[in-house]
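A.B. asks: What follows is a predicted structure for the sequence shown.
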Amino acid sequence: MQGQFADARSVSAALFNNAAFSEVLASAHILLAAPDGTVTTRQVAAAIGRSDSVVRPVLLRLVAAGLLVDEGSKAGRGPRPFARGRPELWKELLRVVSVVSGAPVDLLDVAPSP
């Protein structure tokens with residue numbers, strides 16, 4: 001199984017210029033199904049066992065592409081929640097990530113946040 005993850009990371013690095021991109025996107029997708037429809041860097045990092053410094057740049061790239069919307073911190077400092085943006089593009093990118101990661105799309109295809 002570890003070989004499969006290593007291969008998925010190398011493909012992710014080649015396609016997205018970031019070995020963690022596929023893991024971060026898939027995890028964020030699942031976490032965005034929460035009732036509030038947001039996810040934080042810390043939540044994704046904890047879910048995939050990576051540091052915030054690995055996850056944050058991926059989330060910021062997704063914001064730059066319009067795939068995530070930075071909701072800003074409610075207290076000025078603290079966790080910055082992100083919400084899903086551009087659902088049609090999100091779904092297509094999720095399909096690519098499904099192939100890269102080897103996870104079936106139906107496993108990742110949880111109800112989208114509004």
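C.D. replies: Sure, I can see it.
A.B. asks: The helix or strand harbouring residue 91: which residues count as buried?
C.D. replies: Using DSSP states H and E, residue 91 sits in helix 87-101. For helix 87-101, a neighbour-count test (16 or more other CB atoms under 10 Å) marks 90, 93, 94, 97, 98, 100, 101 as buried. All C-beta atoms are positioned from the backbone trio N, CA, C, and that covers glycine.
A.B. asks: go on, stretch 9-16?
C.D. replies: Neighbour-count burial for stretch 9-16 [16+ other CB under 10 Å]: 9, 11, 12, 16.
A.B. asks: Also stretch 72-92?
C.D. replies: So, applying 16+ other CB under 10 Å, buried residues of stretch 72-92: 80, 81, 82, 84, 90.
A.B. asks: The third one: what's it in contact with?
C.D. replies: If I follow you right, that is residue 82. For residue 82, the contact set (CB atoms under 8 Å, 6 or more residues apart in numbering) comprises 28, 38, 39, 40, 59, 62, 63, 68, 69, 70, 71.
A.B. asks: now the closest residue to the last one other than its chain neighbours: how far from residue 93?
C.D. replies: Read it as residue 71. Nearest residue to residue 71 in three dimensions, chain neighbours excluded: residue 81, at 4.4 Å (CB to CB, 6 or more residues apart in numbering). The gap separating residue 81 from residue 93 is 20 Å, by CB to CB, to the nearest Å.
A.B. asks: Okay, and which of the buried residues of stretch 72-92 map to strands?
C.D. replies: If you go by DSSP state E, the buried residues of stretch 72-92 have 82, 84 in strands.
A.B. asks: picking up where we left off before, which one of the contacts of residue 82 has the most neighbours?
C.D. replies: residue 39 (27 neighbours; other CB atoms under 10 Å).
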